[in-house]
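# next input, structure requested:
(4 chains)
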Protein chains: 2
Amino acid sequence: MGAGTNGDEVEDTLSSDVETYVREGPGKRFIEPRILFLLSRGPAHGYDLISRMGEVPLPGPVPDTGAVYRKLREMEGRGLVTSRWDEKGGGPRRRVYRITAAGRRRLASWVEAIRQRMEMLQRFLDLCAEEGK
Amino acid sequence: MGAGTNGDEVEDTLSSDVETYVREGPGKRFIEPRILFLLSRGPAHGYDLISRMGEVPLPGPVPDTGAVYRKLREMEGRGLVTSRWDEKGGGPRRRVYRITAAGRRRLASWVEAIRQRMEMLQRFLDLCAEEGK
DNA sequence: CGATGATATATGTCTTTGACATATACATTA
DNA sequence: TAATGTATATGTCAAAGACATATATCATCG
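Model prediction:
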């Protein structure tokens, strides 16, 4: 997305992430953006993330639990989060996740991608209003 | 599918169209909104719609041709568009589509759903900015 | 004439995403 | 002991859509 009309240029490595996300979208349930957002506030385990998914102001219902656990493992494989088992405390073991620096950059990419997608959506709304739909 | 090309509109319980679309989203490629938007400007056949998909200011690449033809038939089944064969003129036969009144209402529902989704996305962006992401 | 290419519609098949259901396990409480 | 809440994980299925292919008409080129 050209859009380079503003002063602050972004590194190429970053902007290619943004382009990909603008193109492909965040997925039906915004699973990755939701996870990165919640983890940017502090470490948490999966069940905890799932129970707080609804706090993230993004459209649609919260994702399925299975989808969240699977996405977390996949994101760990991509280096966006790390995990370790937390033994202390009663109850079943918890896998505690932390966001990495790469994960924070990824969240920033999502924010920028969402911003760019919103610009296009606004153009669509304007055009529809203009044509009296 | 002979498509009961109806003269009459299909009655919708349109009360919850918007809610459904806000919840489920427009699909990865915005196929239905793109089609309804283009047809709101006038009748067109599938190939024509496909070649003009890129004119619609919505995020992401234009959808696959197969997906468009299948979606058109499905939308005809739901009474959002009607079609008839256009024989005149050289070249292969064209199935010309027209938007129905129900289709126009559906486009209006999409516009409202997109507006509501954008409001939520804006809240997300605001929250991210506020927390210094 | 036959080959090629643009126009036009349609179907076949595969991958990805995520929903729904189930499995496993620990700890507390009834 | 059984049930309940917490916690992680997998099995299976359906839907959406990508990619490839099939079919047909007509114009143009050699």
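# for A:His45, grab phi and psi.
phi -100, psi 170 (degrees, to the nearest 10).
# name the helix or strand of chain A that has the lowest mean pLDDT.
helix A:12-24 (a mean of 79; mean pLDDT, DSSP states H and E).
# I'd like the next helix or strand past it.
Going down the chain from helix A:12-24, the next helix or strand is helix A:31-40, by DSSP states H and E.
# residues in contact with that next one?
Outside helix A:31-40, the residues within contact range by C-beta atoms under 8 Å, 6 or more residues apart in numbering or on different chains are A:26, A:44, A:49, A:52-53, A:55-56, A:58, A:62-63, A:67-68, A:71-72, A:75, A:80-81, A:97-99, A:103-104, A:106-107, A:110, A:114, B:124, B:127-128, B:131, B:133. The way it works is simple: take the backbone N, C-alpha and C, and place the C-beta from them, glycine included.
# and the closest residue to A:Ala129 other than its chain neighbours, what helix or strand is that in?
Nearest residue to A:Ala129 in three dimensions, chain neighbours excluded: B:Val111, at 8.0 Å (C-beta to C-beta, 6 or more residues apart in numbering or on different chains). In this structure, B:Val111 sits in helix B:101-130 according to DSSP H and E.
# quick one: is that helix near DNA strand D?
No - applying C-beta under 7 Å from any atom of the strand, one finds helix B:101-130 out of contact with DNA strand D, separated by at least 12.8 Å.
# now that helix: buried residues?
Residues of helix B:101-130 classed as buried: B:102-114, B:116-118, B:120-121, B:124-125, B:128 (neighbour count, 16 or more other C-beta atoms under 10 Å in any protein chain shown).
# A:Gln122 is in contact with B:Met118, isn't it?
Yes - using C-beta atoms under 8 Å, A:Gln122 makes contact with B:Met118 at a distance of 7.2 Å.
# interface residues of chain A facing DNA strand C?
Chain A comes close to DNA strand C at residues A:27-29, A:31, A:61, A:63-67, A:71, A:90-93, as judged by C-beta under 7 Å from any atom of the strand.
# which residue would you name as the spatial centre of chain A?
Nearest to the geometric centre of chain A sits A:Pro33, at 1.3 Å (C-alpha atoms, centre = their mean).
# that one and B:Arg93, how far apart?
Remark: distance between A:Pro33 and B:Arg93 (C-beta to C-beta, to the nearest Å) = 46 Å.
# before we move on, what about A:Glu32?
Following C-beta to C-beta, the distance that separates A:Glu32 from B:Arg93 is 45 Å.
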